[in-house]
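J.: Could you look at this predicted model? Sequence included:
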Amino acid sequence: MFSTDPVLRVGEATIYQNQNPVLNQISFEISKGEFVFIIGRTGSGKSSLLKTIYADLPLREGEMTVAGFSIHKIKNRHIPLLRRKLGIIFQDFQLLQDRTITENLTFVMKATGWKDKAKMKTRQAEVLMQVGLGSIEKKMPHQLSGGEQQRVVIARALINEPLLLIADEPTGNLDPEVSYDILKVFQQINKSGTAILMATHSYGLIRKFPARILKCEDGKLRDSKIENFDLGGDY
């Protein structure tokens with residue numbers, strides 16, 4: 001049965017960075033298929049919030065439900081199951097440099113329970129096509145440009161058809177033109193029904209691709225759906 005529950009629900013949550021609270025008693029929801037930017041100065045809590053969402057940091061206070069999993073109560077053995085429902089994209093690619101693109105994708109698929117080689121090959125072709133990459137399966141990461149490597153990372157994150165794609169500064173190492181191309185890829189993925197939560201420092205990207213904005217500032221989370229606020233330019 002199709003569920004209309006939000007893909008992410010946060011209630012009165014306090015987010016910690018080491019032993020220090022960086023966001024206090026925040027509450028918000030992200031619906032299925034929504035595109036949301038998260039912004040804020042370095043140290044404002046953006047990355048800590050994202051890490052809490054995919055259970056890399058514990059949630060000590062408040063409630064959070066992600067893709068049906070209660071983060072405040074999640075057991076360690078259930079964290080891999082949560083992450084199969086999410087796509088996680090980092091700024092620094094984290095591709096295995098000694099393996100081909102096919103081997104990089106296969107590594108993730110095997111780790112998340114894929115066994116049928118024919119189905120794996122078909123799915124790999126689908127996600128590479130989805131991010132606009134052609135015949136690169138046999139290439140090594142170092143043979144690709146930065147933009148192409150980031151597209152591979154996005155393809156890898158799409159393997160298990162995530163409900164929510166979490167991207168932490170995915171264009172931070174790319175020049176503006178390549179960044180815009182990557183954002184267009186995200187838009188296409190979003191149009192197919194995947195919710196996206198993307199942290200960025202780039203005011204230029206937000207101006208070019210308007211969407212809902214969450215702003216981490218002074219321990220609070222401000223929401224453009226509720227209030228108008230000044231973006232304040234690049235951070």
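T.: Thanks, I have the structure now. The model shown is predicted, which means the values in this text are computed figures rather than measured ones.

J.: Next one: Ser3, what pLDDT does it get?
T.: Listed pLDDT for Ser3 reads 64.

J.: from memory Phe186 sits against Ile196, does it?
T.: Yes: with contact defined as C-beta atoms under 8 Å, Phe186 counts as touching Ile196 (5.7 Å). In short, each C-beta sits where N, CA and C put it, glycine included.

J.: Which residues are in contact with each of those two?
T.: Taking C-beta atoms under 8 Å, 6 or more residues apart in numbering as the contact rule, Phe186 and Ile196 both touch 35, 165, 167.

J.: Mind listing the residues bridging to the first one?
T.: This means Phe35. Going by DSSP bridges, Phe35 is paired in beta bridges with Ile196.

J.: residue contacts, it?
T.: 186-187, 190, 195-196, 198, 211-212.

J.: Just list the residues touching the closest residue in space to Gln25 that isn't next to it in sequence, thanks.
T.: Excluding the flanking residues, the one nearest Gln25 by C-beta to C-beta, 6 or more residues apart in numbering is Glu12, at 4.9 Å. By C-beta under 8 Å, 6+ apart, the residues touching Glu12 are 25-27, 61-63.

J.: pLDDT score assigned to Glu12?
T.: You'll see Glu12 listed with a pLDDT of 96.

J.: picking up where we left off before, tell me the buried residues within the contacts of Phe35.
T.: Among those, those buried by neighbour count (16 or more other C-beta atoms under 10 Å) are 186, 190, 195-196, 198, 211-212.

J.: could I get the shared contacts of Phe186 and Ile196 as CSV with pLDDT?
T.: Listed next are the shared contacts of Phe186 and Ile196 as CSV, based on pLDDT from 0 to 100:
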residue, pLDDT
Phe35, 97
Leu165, 96
Ala167, 94
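
J.: Those residues into CSV, with extra columns for distance to Leu128?
T.: Converted to CSV, the shared contacts of Phe186 and Ile196 look like this (distance: C-beta to C-beta, whole Å):
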residue, distance to Leu128
Phe35, 22
Leu165, 16
Ala167, 18
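
J.: Looking at the residues you listed, spot the one nearest Phe69.
T.: Leu165 (16.1 Å; C-beta to C-beta).

J.: Need the three-state assignment for the residue lying closest to the closest one once chain neighbours are set aside.
T.: Excluding the flanking residues, the one nearest Leu165 by C-beta to C-beta, 6+ apart is Gly87, at 4.2 Å. When classified by DSSP: H, G, I helix; E, B strand; the rest coil, Gly87 comes out as strand.

J.: what's the answer for the one 4 residues further on, then?
T.: Each residue gets one of three states, and Gln91 gets coil by three-state DSSP.

J.: any idea how far it is from Lys51?
T.: Gln91 sits 13 Å away from Lys51, going by C-beta to C-beta, to the nearest Å.

J.: Could you check the helix ranked longest in the chain and say which residues are buried?
T.: The residue-count maximum for a helix in the chain (DSSP state H) belongs to helix 176-191. By neighbour count on 16+ other C-beta under 10 Å, the buried set for helix 176-191 is 178-180, 182-183, 185-186, 189-190.

J.: now do stretch 164-177
T.: 164-171, 174.

J.: Stretch 95-106 now?
T.: 95, 100-102, 104-106.

J.: Need the contact partners of it.
T.: If you take C-beta under 8 Å, 6+ apart as the criterion, stretch 95-106 is touched by 107, 120, 124, 127-128, 136-142, 144, 149, 152-153, 155-156, 159.

J.: CA atoms only for it, dumped as PDB, please.
T.: What follows is stretch 95-106, C-alpha atoms only, in PDB (Å, rounded to 0.1, in the frame of the first residue of the first chain):
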ATOM      1  CA  LEU A  95      35.400   5.600  -4.900                       C
ATOM      2  CA  LEU A  96      37.700   2.600  -4.700                       C
ATOM      3  CA  GLN A  97      40.700   3.800  -6.800                       C
ATOM      4  CA  ASP A  98      42.000   0.300  -7.500                       C
ATOM      5  CA  ARG A  99      38.800  -1.000  -9.100                       C
ATOM      6  CA  THR A 100      36.900  -0.200 -12.300                       C
ATOM      7  CA  ILE A 101      33.500   1.600 -12.200                       C
ATOM      8  CA  THR A 102      31.700  -1.700 -12.600                       C
ATOM      9  CA  GLU A 103      33.700  -3.200  -9.700                       C
ATOM     10  CA  ASN A 104      32.900  -0.100  -7.600                       C
ATOM     11  CA  LEU A 105      29.200  -0.600  -8.200                       C
ATOM     12  CA  THR A 106      29.400  -4.300  -7.700                       C
END
